[in-house]
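J.: Need a 3D model of the following:
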Amino acid sequence: EQNCGACGTVCDSDNVCSLGECGLECQGGLSKCGDKCSDVKVDEANCGACGTTCSAGEICNAGVCEEICTEMKTLCGGGCVDTQLDETHCGVCDNACAMGQVCLAGACVDDDPLALFLTTANDGAVGQTLHKLSRHTLQLSQINTKNLNGETVVDYALTSKGDVVFVAAQDTLGVRELYLAPANGAAPVKLNPTLVKGGNVEPGVAVSKDGTKVLYRADQTTDEMTELYLVDLSKPGVATKVNAALTQDADVAFGQGFSGDGTKAVYLADISNDDDNDAFVVDLANPGTAKMVADSDDFDSGGVYDAKLNNTGDTVIYRGERDSGGWAELYKASVANPAVATKLNVTKDGGEGNFVGDVGNYAISHDDKNVLYSVALPNTYGFSLQTVNLAAPSGSTQLSHANDNVYADWWLSKDDKTVLYRSDVGV
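T.: Residues are numbered from 1 along each chain as shown. The predicted structure is shown next:
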């Protein structure tokens with residue numbers, strides 16, 4: 001290095017003499033890039049290799065050009081992400097959320113729907129497509145994966161687990177069947193077994209409170225005879241007939257439901273073929289054996305409109321024209337002794353044509369203590385919202401404001417403390 005190529009030619013301190021010429025020698029893991037030594041692990045002008053230049057706003061990290069993350073983002077997988085919302089890096093880098101979950105405040109949570117609704121097709125067919133609205137992201141996603149020549153979704157229900165059950169012709173044109181769309185976004189699964197030729201699943205599905213079972217009506221084994229079936233959502237394709245034997249030409253009507261504990265079911269059927277429905281309760285541990293809890297032959301006119309069970313399944317609430325002479329009224333009966341029925345609703349004489357006393361929508365409170373119901377207002381065509389104590393049903397308390405016309409779609413909170421309703425004021 002003191003006489004490189006000629007006497008007196010001294011190489012610089014970071015050079016070596018090779019073949020009579022002074023040349024750059026890089027040490028300590030540095031690489032020779034042009035006329036300087038570079039650490040290609042961090043050099044933004046020579047990132048990973050000589051001549052590889054990072055773009056503006058990037059740094060060289062371990063030989064790779066990466067974004068410079070702002071205060072609210074974290075460097076994960078070569079990019080800047082918000083670990084509070086990123087489903088691949090939720091909370092920390094590489095913590096991916098499962099299918100059907102979203103990242104919220106750095107934690108993976110189930111993306112249960114905020115709402116379900118049907119859309120209208122371009123040809124005006126209502127119910128062409130079923131969508132769910134994400135509670136957390138407010139994004140829309142389609143649930144029914146196929147539209148067969150204008151076939152529509154005819155019924156749907158949301159389970160407590162965030163799954164969606166719906167009735168539609170998904171696989172065979174003109175054949176309605178029952179499907180489960182899992183909350184995790186997986187493709188819908190058919191729940192019913194193969195239907196008899198000409199058979200269809202009918203509108204009107206009921207989901208157990210724990211979200212594990214569904215009651216549905218179908219002419220599944222005998223064409224033109226609609227019966228009631230139970231399917232466990234964990235065992236698609238396996239269904240059990242629930243109702244007792246029907247008389248010829250009889251059907252299970254719309255209006256079935258579970259008890260709160262999921263052990264019993266109530267359903268309607270016209271077993272006397274007089275076009276008036278009777279109500280039955282069946283222990284789901286013993287399907288096919290049902291007890292009549294409301295006999296339309298005992299009514300002044302008509303039959304049972306619909307029926308609901310309390311949490312334990314020992315009390316039935318139903319609407320019908322039992323002793324009203326044409327009005328829909330509300331009754332309570334013990335399943336053990338259903339012949340003794342107690343009227344729950346208020347009755348007021350509003351004059352001919354005012355439909356006073358007609359009971360509309362109703363619901364049993366979650367604690368089984370009260371029933372909320374809408375009933376026709378006197379001298380108007382509107383409805384008020386009332387509540388009655390089941391233990392002492394001697395009178396009702398009006399919840400809605402005076403002269404409010406309450407619509408059918410009202411909701412009771414899970415703690416039974418709040419009811420939300422729509423109304424026209426001053427009908």
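J.: And for residue 38, the neighbour number?
T.: Residue 38 has 18 neighbours, counted by other Cβ atoms under 10 Å. Quick note: C-beta positions are derived from backbone N, CA and C, even for glycine.
J.: Is it bridged to anything, and to what?
T.: In this entry, residue 38 is beta-bridged to residue 31, by DSSP bridges.
J.: give the contact list for it.
T.: 26, 30-32, 45-46, 50 (Cβ atoms under 8 Å, 6 or more residues apart in numbering).
J.: let's go with 10 Å and repeat that
T.: 26, 30-32, 45-47, 49-50 (Cβ atoms under 10 Å, 6 or more residues apart in numbering).
J.: do the same with residue 423
T.: 382-385, 400-401, 403-407, 410.
J.: Leaving out the residues flanking it, which one is nearest to it?
T.: The shortest distance from residue 423 to any non-neighbouring residue, by Cβ to Cβ, 6 or more residues apart in numbering, is to residue 404 (4.0 Å).
J.: ditto for residue 164
T.: residue 181 (4.3 Å).
J.: I figured that neighbour hits residue 161, correct?
T.: No: Residue 181 is beyond contact range of residue 161, at 11.7 Å (criterion: Cβ atoms under 10 Å).
J.: And the two? Which one has more around it.
T.: The neighbour comparison of residue 181 against residue 161 (other Cβ under 10 Å) goes to residue 181, with 25 against 14.
J.: is it true that residue 70 touches residue 80?
T.: Yes: in this structure, residue 70 is within contact of residue 80 by Cβ under 10 Å, at 7.0 Å.
J.: higher neighbour count, these two?
T.: residue 80 (16 against 9).
J.: Which strand residues bridge that one?
T.: With DSSP bridges applied, residue 80 shows beta-bridge pairing to residue 75.
J.: show me what contacts it?
T.: Residue 80 sits in contact with 66-70, 72-74, 86, where contact means Cβ under 10 Å, 6+ apart.
J.: burial measure for residue 363, as a count.
T.: Neighbours around residue 363, by other Cβ under 10 Å: 17.
J.: Tell me, how many residues neighbour residue 156?
T.: 22.
J.: So what pairs up with the closest residue to it other than its chain neighbours in the strands?
T.: Using Cβ to Cβ, 6+ apart and skipping the chain neighbours, the partner closest in space to residue 156 is residue 166 (3.9 Å). Beta bridges link residue 166 to residue 156, residue 179, judged by DSSP bridges.
J.: from memory residue 166 sits against residue 189, does it?
T.: No: using Cβ under 10 Å, residue 166 is not in contact with residue 189, being 11.3 Å away.
J.: Please enumerate the shared neighbours of the two.
T.: By Cβ under 10 Å, 6+ apart, the residues touching both residue 166 and residue 189 are 178-181.
J.: from these, which has minimum pLDDT?
T.: Least confident of these in the model: residue 181, at 88.
J.: Report the contact partners of that residue.
T.: With Cβ under 10 Å, 6+ apart, residue 181 has these contacts: 113, 116, 130, 132, 141-145, 156, 162-166, 187-189.
J.: Let me know the distance separating residue 336 from residue 343.
T.: Taking Cβ to Cβ, to the nearest Å as the criterion, residue 336 is separated from residue 343 by 19 Å.
J.: Neighbour count: the two, which is higher?
T.: Shown here are residue 336 and residue 343; by other Cβ under 10 Å, residue 343 has more neighbours (16 against 9).
J.: Contacts only, for the more buried one.
T.: With Cβ under 10 Å, 6+ apart, residue 343 has these contacts: 322-324, 329-332, 359, 388, 393.
J.: 7 Å - rerun?
T.: Listed by Cβ atoms under 7 Å, 6 or more residues apart in numbering, the contact set of residue 343 reads 329-331.
J.: Can you name the element that comes right after the helix or strand where residue 102 lies?
T.: Element membership for residue 102 (DSSP states H and E) is strand 101-104. Note on strand 101-104: by DSSP H and E, the next helix or strand toward the C-terminus is strand 107-110.
J.: That following strand pairs with which strands?
T.: strand 101-104 (antiparallel).
J.: gap between the strand it pairs with and the chain center?
T.: Chain-centre distance of strand 101-104: 16 Å, with Cα atoms, centre = their mean, to the nearest Å.
J.: send the alpha carbons of that strand over as CSV?
T.: This file holds the C-alpha atoms of strand 101-104, laid out as CSV (Å, rounded to 0.1, in the frame of the first residue of the first chain):
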residue,chain,number,x,y,z
GLN,A,101,-64.8,-12.1,12.4
VAL,A,102,-63.7,-8.5,12.2
CYS,A,103,-61.0,-6.7,14.1
LEU,A,104,-62.5,-4.1,16.5
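J.: which residues touch it?
T.: By Cβ under 7 Å, 6+ apart, strand 101-104 touches 85-87, 90, 97, 108-111, 136-137.
J.: Which helix or strand contains residue 230?
T.: strand 227-232.
J.: For that strand, buried residues please.
T.: Neighbour-count burial for strand 227-232, counted by 16 or more other Cβ atoms under 10 Å, picks out 227-231.
J.: Pick out whichever of those residues sits closest to residue 415.
T.: Minimum distance to residue 415 across the buried residues of strand 227-232 is 29.8 Å, recorded for residue 230 (Cβ to Cβ).
J.: Ends of stretch 178-196, what's the gap?
T.: Distance between the two ends of stretch 178-196: 14 Å, counting by Cα to Cα, to the nearest Å.
J.: my bad, should have said stretch 313-330
T.: 18 Å.
J.: Run the chain-centre distance for that stretch.
T.: Counting by Cα atoms, centre = their mean, stretch 313-330 comes out at 31 Å from the chain centroid.
J.: residues in contact with that stretch?
T.: For stretch 313-330, contacts defined as Cβ under 7 Å, 6+ apart pick out 259, 261, 263-264, 266, 279, 281, 293-294, 298-309, 331-336, 341, 343-345, 357-359, 362, 364, 371, 373.
J.: still on that earlier bit, which member of the contacts of residue 38 is positioned nearest residue 253?
T.: residue 47 (73.3 Å).
J.: if I pick the residue nearest to residue 108 when sequence neighbours are not counted, what's in contact with it?
T.: The shortest distance from residue 108 to any non-neighbouring residue, by Cβ to Cβ, 6+ apart, is to residue 97 (3.8 Å). For residue 97, the contacting residues are 87, 90, 103, 108, by Cβ under 7 Å, 6+ apart.
J.: The residue nearest to residue 423: how many residues sit nearby?
T.: Neighbours of residue 404 (other Cβ under 10 Å): 21.
J.: and the gap between it and residue 377?
T.: Per Cβ to Cβ, residue 404 is found 9 Å from residue 377.
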